[in-house]
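Q: make a model of this:
(2 chains)
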Amino acid sequence: MKVHLTRRYHFAASHRLHLADCSDAENQRIYGKCNNPHGHGHNYAVEVTVSGPVDIATGMVCNLADLDGFSNKEIVERFDHTNLSMLPDFEGEVPTTERLCVKIYDIYKRSFKHAHLEKVRIEETAKNSFEYTGRA
Amino acid sequence: MIYLTRKGEFAASHYYHNPAFTPEENQRVFGKCANMNGHGHNYVLEVTVKGEIDERTGFVVDLKELKDIMNREVVDAMDHRHLNKEVPEFASAIPTTENIAIVAWKRLQPHMKVAKLHRVRVYENADLFADFYGEE
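A: Predicted coordinates:
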């Protein structure tokens, strides 16, 4: 029987939303406060949803030790207390939370093999959240 | 079609143990959860039903009736209980969050009359939940 399992992880990071080929006035118009040259930060919450049949012997869709081990190494340690704008992941790109969401989805999709990936959802604040299911 | 979700809460203890595993295997697969003295959680049950709005009452479901069913079948049956020892389904299945969602669904499903059961979500804590949508 197929069950969806969702786990939340937390990290804190800073970023600046800025297009190098646009004027200051244009950047200000597009990104507002998020264009502050010194950057700003958020406490991000990442929700990853995986699915699969429940293993009869363990009662699990996937072992949380595997999901936590992967997520802490590949997501939390990679992004926690970093400046997203300075990371190679976002070279030449504006590190909006939409892009962060797709990036994190792709990391799971590429390398997490213990269960089927359904969705990645990121809360940037209690008011803003973004979801990516990999489907058009 | 409209969806309605109602929450309930229960606190329960459990442990993870498969008698077919060696003690080492139980420890390796279940980690801290294998402690046979048990441990506990404040679970949150979220039941989502779907259906058409009744023209006369404006309801998709009688909330009092839904609450009574949720309390009788799941919340009161599991609140302040040891899941392995006091909930019959878990005599033969590991009481993981995944399996609790399936058991809750199976207990609620036969009592749904007007509205259809859409999803059962069980939170073990704020950072972990399982969703069951019925057998596919």
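
Q: farthest from the middle of chain B: give me that residue.
A: Relative to the average C-alpha location in chain B, and by Cα atoms, centre = their mean, no residue lies farther out than B:Arg56, which sits at 32.1 Å.

Q: run a quick neighbour tally on the closest residue to chain B within chain A.
A: Proximity of chain A to chain B (Cβ to the nearest Cβ) peaks at A:Gly59, 3.0 Å away. No exception for glycine: its C-beta is placed from N, CA and C like everyone else's. Residue neighbour count, defined by other Cβ atoms under 10 Å in any protein chain shown, stands at 20 for A:Gly59.

Q: report the contact partners of it.
A: Under the criterion of Cβ atoms under 8 Å, 6 or more residues apart in numbering or on different chains, the contact partners of A:Gly59 comprise B:Tyr16, B:Ala93, B:Ile94, B:Pro95, B:Thr96, B:Glu98, B:Asn99.

Q: is it true that the last one touches A:Val54?
A: So the one you mean is B:Asn99. Yes. Counting by Cβ atoms under 8 Å, B:Asn99 sits close enough to A:Val54 to count as a contact (6.3 Å).

Q: just the contacts of A:Gly59 that are near chain A?
A: Judged by Cβ under 8 Å from any Cβ of the partner chain, the overlap between those and the neighbourhood of chain A comprises B:Tyr16, B:Ala93, B:Ile94, B:Pro95, B:Thr96, B:Glu98, B:Asn99.

Q: now for those: which two are most distant?
A: B:Tyr16 and B:Glu98 (11.5 Å; Cβ to Cβ).

Q: taking chain B, what residue is nearest to chain A?
A: Relative to chain A, the nearest point of chain B is B:Ile94 (3.0 Å; Cβ to the nearest Cβ).

Q: which residue is the nearest non-sequential neighbour of that residue?
A: Closest residue to B:Ile94 in three dimensions, ignoring its sequence neighbours and counting by Cβ to Cβ, 6 or more residues apart in numbering or on different chains: A:Gly59, at 3.0 Å.

Q: could you list the low-pLDDT ranges of the chain?
A: If you meant another chain, say so; for now it's chain A. Where chain A drops to pLDDT under 70, the residues are A:136.

Q: nope, chain B please
A: Applying pLDDT under 70 to chain B picks out residues B:136.
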